[in-house]
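Q: here's my sequence, what's the structure:
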Amino acid sequence: MKSIHQTPPATHADTHSAADLAKRIGISLRQVRRMDADGTLPQPVRFGKLKRWTRLSIDAWLAAGCPKRKPGKATTQSA
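A: Take a look at the predicted model:
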């Protein structure tokens, strides 16, 4: 039987809100929203209407030099 390694779904505890992300990277909340709209930030995860960024995706994004994301829709996860 093949073992499929899957990333566990994100939870609220391991994600950043836009305000949390702004504080973490030292920019304004408005700038976070602009960066999300223009595709600069990693793809967010949605919990219903809430938009969050996983700590792992932000860590990887920062380590990679903050590249723009590829076009696509936000991932939706059930809480």
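Q: can you show me the strands along this structure?
A: For the chain, the strands defined by DSSP state E occupy 15-16, 45-47, 50-54, 75-76.
Q: low-confidence ranges in the protein?
A: Residue ranges of the chain with pLDDT under 70: 1-12, 71-79.
Q: and if we set it to 50?
A: Applying pLDDT under 50 to the chain flags residues 3, 5.
Q: pick out the residue closest to the middle of it.
A: Centroid-nearest residue in the chain: W53, 2.3 Å away (criterion: Cα atoms, centre = their mean).
Q: that residue touches V45, doesn't it?
A: Yes. W53 is within contact range of V45, at 7.2 Å (criterion: Cβ atoms under 8 Å). C-betas here are computed from N, CA, C, even on glycine.
Q: are there residues contacting both of the two? Which ones?
A: T15 (Cβ atoms under 8 Å, 6 or more residues apart in numbering).
Q: quick one on the thing from earlier: out of the strands of the chain, which is the most enclosed?
A: Mean neighbour count (mean count of other Cβ atoms under 10 Å) peaks for strand 15-16 among the strands of the chain, with a mean of 20.
Q: output the contacting helices and strands for that one.
A: Counting contacts by 3 or more Cβ pairs under 8 Å, 6 or more residues apart in numbering; DSSP states H and E, strand 15-16 is packed against strand 50-54, helix 55-63.
Q: would JSON lines of the strands of the chain with distance to Q31 be doable?
A: Formatted as JSON lines, the strands of the chain follow (distance: least, Cβ to Cβ, whole Å):
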{"stretch": "strand 15-16", "distance to Q31": "14"}
{"stretch": "strand 45-47", "distance to Q31": "20"}
{"stretch": "strand 50-54", "distance to Q31": "14"}
{"stretch": "strand 75-76", "distance to Q31": "23"}
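Q: which one, of these, ends up nearest to A60?
A: Taking Cβ to Cβ, strand 50-54 is the member of the strands of the chain nearest to A60, at 9.2 Å.
Q: elements contacting the closest one?
A: strand 15-16, strand 45-47.
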